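Asker: My questions concern the predicted model and sequence given below.
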Amino acid sequence: MRAEENQKLRKGSERLANWLLTVETAQGNHGAITLDIEKRVLASDLGMTPERLSRAFATLLPHGVANHGVRILITDQSALRSYAAPDPLIAAPE
């Protein structure tokens, strides 16, 4: 149910931003994420097309996210967090 609320209440780039923050925490808060799933699968999980996922990554560039294939760098976590505006009632895992 939270996934549906997340898709209805957030833009694709906001869903991606929240996902990145969650995964970065799970992977140890080192400012970098290694994608362990294909981007087309990630896009589907976030409720968007692969093309929209690419645009969402581009949207996050000024908010401290650099996309390097399977390696994603978070260079400004506070800017990303501000853009994502995480809400535990929507973004928290079920």
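Answerer: On my side now, so go ahead. Residues are numbered from 1 along each chain as shown.
Asker: residues making contact with stretch 12-27?
Answerer: With contacts defined as Cβ atoms under 8 Å, 6 or more residues apart in numbering, stretch 12-27 is touched by 6-7, 10, 30-34, 42, 45-48, 52-53, 55-57, 59-60, 63, 65, 72, 74, 77, 80-81, 83-86, 91, 93. (C-beta placed from N, C-alpha, C; glycine too.)
Asker: give me that answer again for 7 Å
Answerer: 6-7, 33-34, 46-48, 52-53, 56, 59-60, 63, 65, 72, 74, 80-81, 83-84, 86, 91 (Cβ atoms under 7 Å, 6 or more residues apart in numbering).
Asker: what comes up buried for that stretch?
Answerer: 12-24 (16 or more other Cβ atoms under 10 Å).
Asker: What of stretch 41-50?
Answerer: Buried positions in stretch 41-50, judged by neighbour count with 16+ other Cβ under 10 Å: Leu42, Ala43, Leu46, Met48.
Asker: okay, those in a markdown table with pLDDT and secondary structure next?
Answerer: Listed next are those as a markdown table, based on pLDDT from 0 to 100; DSSP: H, G, I helix; E, B strand; the rest coil:
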| residue | pLDDT | secondary structure |
| --- | --- | --- |
| Leu42 | 96 | helix |
| Ala43 | 97 | helix |
| Leu46 | 95 | coil |
| Met48 | 96 | coil |
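Asker: okay, which residue is most central for the protein?
Answerer: Leu16 (2.4 Å; Cα atoms, centre = their mean).
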